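Chemist: Sharing a model that was predicted from the sequence below.
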Amino acid sequence: MTTAPARPARGRRRAPSRIERAAGRAAALQRPRVVLALLLLLALTCVMLLDGYLRAEVGGDQRVRTGASAGDVPDDVLNGGPILTFRGGEATTLSVPDKTIALTFDDGPDPTWTPQILEVLAEYDVPATFFVVGSMVSRYPGIVRDLVEQGNEVGVHTFTHVDLSYQSDARVTREITQTQLALAGAAGITTTLFRAPYSSETDAIDNYSWPVYQRLGEEGYTSVFVDTDSDDWKTPGVAKIVKWATPEDGEGASVLMHDAGGDRSQTVTALARYIEKMQAEGYTFTTVSGAMREARAEEAEQAGASGAAVPPGASGTAMLQAAHRAATGTTLYEGKALVAAVAVAEWTVPALSAGLVVVGVAVMGRFGMMVVLARRHHRQRDRRRFSWGPPVTRPVTVIVPAYNEKECIANTLRSLARSTHPIEIIVVDDGSTDGTAQLARDTAADLGMLNVRVIRQENAGKPAALNNGVRNAAHDIVVMMDGDTVFEPDTVRQLVQPFADPGVGAVAGNAKVGNRNTVIGAWQHIEYVMGFNLDRRMYDLLRCMPTIPGAIGAFRREAVLGAGGMSEDTLAEDTDITIAMHRAGWRVVYQEHARAWTEAPGSLKQLWSQRYRWSYGTMQALWKHRKSLTDKGPSGRFGRVGMPLVVVFQIVTPVFAPLIDVFTAYSMIFVDFKAALLAWLAVLGVQLVCAAYAFRLDREKYRYLLMMPLQQLAYRQMMYLVLIHSCVTALTGGRLRWQKLKRTGEVGTPAGSAG
């Protein structure tokens with residue numbers, strides 16, 4: 001036994017220890033990875049919000065008011081033509097010249113119908129004006145590009161097809177600007193044409209919508225209404241669409257059809273017949289800008305013939321100017337960025353949706369496997385006639401690695417003093433600086449425990465401390481426990497009974513959360529009972545137990561030494577040694593009646609540190625033993641059964657399980673709130689049933705299950721971030737040192753913690 005290190009002289013500043021320096025370096029290296037993990041989550045959130053915004057308007061899509069007054073709207077506008085401009089700041093309307101059709105389409109582009117309509121227009125060499133929805137433009141930029149290259153014209157129909165008369169000025173600006181950016185990114189243009197959703201003829205303008213048209217007119221937009229509505233959205237039949245789209249008595253008209261918003265097959269068929277009919281009657285087809293040029297030319301000609309003043313804007317380059325403008329500078333680049341972001345969303349969200357199906361099946365499959373196999377395990381092991389063999393009564397060695405455990409070590413030793421099985425206790429002090437070793441000696445002396453040895457070593461980490469204990473153990477079975485854990489009197493006796501089977505090399509005990517009377521503690525209690533212990537029952541029957549918990553596990557000493565001891569290659573030395581047991585041909589089992597009470601992390605920061613180490617260490621251990629996938633015998637069994645289950649259930653599924661919550665929120669906002677909520681509650685119900693069964697098997701009180709809904713909303717998201725952080729660290733080749741958690745010593749006697 002070594003002596004305690006000398007205390008530094010008064011006034012001299014103590015140099016940082018090796019572990020303190022390593023912890024500082026590790027913390028500095030982990031910060032960028034934490035940021036990267038958070039950025040990945042933020043990126044996913046932004047992608048889903050963008051996709052939802054593209055597909056549906058938040059808060060519902062309202063329609064134009066009925067019975068609204070139009071007292072503020074000038075009579076010339078209400079009774080004027082379908083093209084509204086604000087030349088010189090004054091509202092002016094233009095009519096489409098006689099025998100002229102300005103053919104317009106709303107609500108596109110649509111990947112199915114717009115290309116078919118473009119084929120018909122190209123066949124008859126007829127141009128049209130498409131009032132496009134910005135969200136659709138950003139999703140189908142190639143169609144818009146083809147549309148413009150074919151000689152057609154585009155106008156703004158808002159970004160989300162919302163009635164602007166209900167919206168704030170900021171929302172109006174956003175709807176127009178975003179649509180212009182989408183056009184810039186898709187076709188390299190912007191436009192001066194605008195048509196409001198749900199608009200019709202000018203006499204439908206009211207006091208609510210008029211300010212919107214005034215504002216947009218001041219910004220240089222031309223608002224386009226209709227003279228003749230085909231009502232093709234009602235799918236009344238081809239004949240009626242043609243009839244309703246036909247103007248009377250040779251008049252010119254702005255004609256409305258739709259290239260999106262439903263089944264437009266009747267529109268496609270009717271379009272060809274309509275063009276043939278109108279051309280046979282002597283009509284010509286033009287764009288809205290073409291109709292404006294012709295109307296202004298007629299005005300100028302009439303004014304010149306009568307000697308009257310030429311109307312403002314009816315002559316010169318203004319009269320000849322088209323609606324399209326070339327997008328340049330910031331607008332062009334922002335537009336391309338928008339289209340690119342939408343392309344990412346268009347690929348990501350469906351992929352995540354497919355992933356959600358896989359995750360859902362995996363989660364439900366896991367629950368099903370756990371319940372079925374746990375029930376079988378319980379019925380098999382709890383039979384009165386079940387026995388591992390002759391009772392194991394010989395003494396065993398209990399190894400307690402301890403680093404700065406002054407708050408807990410006394411409680412640990414007191415619990416071991418009540419053991420009903422003969423034990424030798426080795427406390428390995430791993431360079432503690434808080435007097436842990438002396439406190440252990442004092443506690444043993446006070447309790448009259450002559451079976452306690454305290455071994456001191458320089459700080460070298462938990463694996464080294466365990467190996468030191470194994471080397472000094474006097475017995476062929478060693479029990480390993482943490483310095484913050486307490487055993488029940490019968491724990492050691494129950495834990496070592498499976499060693500009656502000579503094929504058993506290691507035994508996992510039942511770790512319980514002692515400090516469960518806080519929110520974080522209750523969440524971990526649910527996780528321990530439902531997840532860890534149900535999992536271990538399942539893995540036991542499948543003979544592929546991946547981890548013996550560090551808080552309570554027992555090993556044949558020869559098996560540990562044969563595997564080279566506890567390895568320092570990974571942060572999860574418990575998982576590493578367990579897999580090594582399998583690969584060496586030993587059987588690893590679960591003894592649910594051997595209970596240990598441990599102090600779970602008491603803060604989110606400490607919980608993050610612990611789970612990060614567990615997750616990253618598990619990945620390291622799986623990678624280290626990857627060759628078991630191709631091994632034969634017991635090693636191959638673990639590699640081809642246990643390893644895939646661990647990867648699917650402990651890494652892949654937990655990483656993607658929050659998709660359930662993410663898509664629930666997505667569906668509540670953008671799809672169907674009630675249906676999404678019911679689906680989420682159904683999944684929660686399945687989990688509650690599984691958790692209740694796990695609590696029944698472990699004879700736990702059900703009141704803690706009241707915390708489960710909140711656990712799903714908060715705790716699971718944190719575990720998701722921890723796993724993402726671990727994956728990022730693994731992919732970037734980072735390394736992490738063991739991280740000491742702060743203990744309070746609040747877990748005392750097992751009897752006091754069981755409630």
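Modeler: Cool, the structure landed. Numbering: from 1, shown residues only.
Chemist: Okay, now the unreliable bits of the stretch 551-700 of the chain?
Modeler: 657-659 (pLDDT under 70).
Chemist: ranges for the strands of it?
Modeler: 553-556, 587-598 (DSSP state E, counting those that start in this stretch).
Chemist: The stretch 301-450 of the chain too?
Modeler: So, for the stretch 301-450 of the chain - with DSSP E, counting those that start in this stretch - the strands run 324-326, 396-402, 423-430.
Chemist: Show me what the last one is packed up against.
Modeler: To tie it back to what came earlier, the one meant is strand 423-430. Packing partners of strand 423-430 (3 or more CB pairs under 8 Å, 6 or more residues apart in numbering; DSSP states H and E): strand 396-402, helix 409-417, helix 436-447, strand 452-457, helix 462-472. Yep, even glycine has a C-beta here, placed from its N, CA and C like the rest.
Chemist: Can you say which of those is nearest to Val357?
Modeler: helix 462-472 (40.9 Å; CB to CB).
Chemist: Next, the angle strand 423-430 makes with that closest one.
Modeler: 140 degrees (axes from the mean of the first three to the mean of the last three CA atoms, to 10 degrees).
Chemist: Now find how far off-centre helix 462-472 is within its chain.
Modeler: Taking CA atoms, centre = their mean, to the nearest Å, the mean C-alpha location of helix 462-472 is offset from the chain mean by 41 Å.
Chemist: model confidence over it, on average?
Modeler: Helix 462-472 shows a mean pLDDT of 94 in the predicted model.
Chemist: Mind listing what's buried along that helix?
Modeler: 462-470 (16 or more other CB atoms under 10 Å).
Chemist: what's the most distant pair in the residues you listed?
Modeler: For the buried residues of helix 462-472, and using CB to CB, no pair is farther apart than Lys462 and Val470, which are 12.6 Å apart.
Chemist: what residues are shared contacts of the two?
Modeler: Met566 (CB atoms under 8 Å, 6 or more residues apart in numbering).
Chemist: contacting residues around the residue lying closest to Ala345 once chain neighbours are set aside?
Modeler: Nearest in space to Ala345, with sequence neighbours left out and distances taken as CB to CB, 6 or more residues apart in numbering, is Asp51 at 4.2 Å. Shown in contact with Asp51 (CB under 8 Å, 6+ apart): 345-346, 348-349.
Chemist: I figured Asp227 was touching Glu248, is that so?
Modeler: No - Asp227 lies out of contact with Glu248 (CB atoms under 8 Å); the separation is 9.7 Å.
Chemist: Where do the helices of the stretch 101-250 of the chain begin and end?
Modeler: Taking DSSP state H, counting those that start in this stretch as the test, the helices found in the stretch 101-250 of the chain are 113-123, 134-139, 141-149, 169-187, 210-218, 238-245.
Chemist: Point out the most buried one among these.
Modeler: Stretch with highest mean neighbour count among the helices of the stretch 101-250 of the chain: helix 134-139 (a mean of 27; mean count of other CB atoms under 10 Å).
Chemist: Give me the contact list for it.
Modeler: So helix 134-139 is contacted by 53-55, 107-110, 144, 156-161, 175, 178-183, 185-186, 260, 338-339, 342, 346 (CB under 8 Å, 6+ apart).
Chemist: Is it possible to get CSV of the strands of the stretch 551-700 of the chain that adds distance to Met538 and mean neighbour count?
Modeler: Shown next, in CSV, are the strands of the stretch 551-700 of the chain (distance: least, CB to CB, whole Å; neighbours: other CB atoms under 10 Å):
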stretch, distance to Met538, mean neighbour count
strand 553-556, 18, 25
strand 587-598, 9, 23
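Chemist: For Asn533, which of those is the nearest?
Modeler: strand 587-598 (6.7 Å).
Chemist: Would you check how far apart Ala676 and Thr191 are?
Modeler: 37 Å (CB to CB, to the nearest Å).
Chemist: Please say which of these two ends up with more neighbours.
Modeler: Thr191 (26 against 18; other CB atoms under 10 Å).
Chemist: right, and that one touches Val156 too?
Modeler: Yes - using CB under 8 Å as the test, Thr191 is close enough to Val156 to be in contact (6.2 Å).
Chemist: Give the other helices and strands that the longest helix seen in the chain contacts.
Modeler: Longest helix of the chain, by residue count under DSSP state H: helix 329-381. Contacts defined by 3+ CB pairs under 8 Å, 6+ apart place helix 329-381 against helix 18-55, helix 134-139, helix 169-187, helix 534-542, strand 587-598, helix 653-656, helix 659-670, helix 673-697.
Chemist: Low-confidence stretches in the protein?
Modeler: Short version for the chain, where the test is pLDDT under 70: 1-34, 36-38, 40-41, 55-67, 303-321, 657-659, 731-755.
Chemist: roughly how far apart are the closest residue to Asp429 other than its chain neighbours and Thr485?
Modeler: With sequence-adjacent residues excluded and distances taken as CB to CB, 6+ apart, Asp429 is closest to Ala437, at 3.9 Å. Going from Ala437 to Thr485 by CB to CB gives 18 Å.
Chemist: From Ala465, how far out is the residue nearest to Asp429?
Modeler: 12 Å.
Chemist: again, but for Arg556
Modeler: 19 Å.
Chemist: for Trp623, same thing?
Modeler: For Trp623 relative to Ala465 (CB to CB), the value is 24 Å.
Chemist: Quickly note the distance from the closest residue to Ile241 other than its chain neighbours to Trp244.
Modeler: Leaving aside its sequence neighbours, Ile241 sits nearest to Ala270 (CB to CB, 6+ apart; 3.9 Å). Plainly put, Ala270 is 10 Å away from Trp244 if you go by CB to CB.
Chemist: Next, show the common contact partners of those two.
Modeler: Ser230.
Chemist: leaving aside the residues next to it on the chain, what's closest to Phe670?
Modeler: Gly52 (3.7 Å).
Chemist: Might you report the residue contacts of Ser168?
Modeler: Taking CB under 8 Å, 6+ apart as the definition, Ser168 has no contacts.
Chemist: Can you pull the phi/psi pair for it?
Modeler: The phi/psi pair for Ser168 (degrees, to the nearest 10) reads phi -70, psi 170.
Chemist: got the buried residues for stretch 530-550?
Modeler: Buried-residue list, stretch 530-550, by 16+ other CB under 10 Å: 530-541, 544-550.
Chemist: measure that stretch end to end?
Modeler: Using CA to CA, to the nearest Å, one end of stretch 530-550 lies 18 Å from the other.
Chemist: same thing with stretch 506-526?
Modeler: Start-to-end, stretch 506-526 (CA to CA) is 25 Å.
Chemist: circling back to that earlier point, looking at Asp227 and Glu248, which has the bigger crowd around it?
Modeler: Asp227 (21 against 8).
Chemist: tell me the contacts of Asp476?
Modeler: So Asp476 contacts 394, 556-558 (CB under 8 Å, 6+ apart).
Chemist: out of these, which is most surrounded?
Modeler: Arg556 (19 neighbours).
Chemist: and the residue nearest to that residue when sequence neighbours are not counted, what is it in contact with?
Modeler: Excluding the flanking residues, the one nearest Arg556 by CB to CB, 6+ apart is Gly505, at 5.2 Å. For Gly505, the residues meeting the contact criterion (CB under 8 Å, 6+ apart) are 555-556, 559, 581, 584, 586-588.
Chemist: ditto for Arg394
Modeler: Arg394 touches 422, 475-477, counting by CB under 8 Å, 6+ apart.
Chemist: I'd like to know which of the helices and strands packed on helix 329-381 lies nearest to Ser353.
Modeler: That would be, of the helices and strands packed on helix 329-381 and by CB to CB, helix 659-670, which comes in at 7.3 Å.
Chemist: So which residues make contact with that closest one?
Modeler: 44-45, 48, 52-53, 55-56, 58, 352-353, 355-356, 359-360, 363, 673, 675-677, 679-680, 683, 712-713, 716-717.
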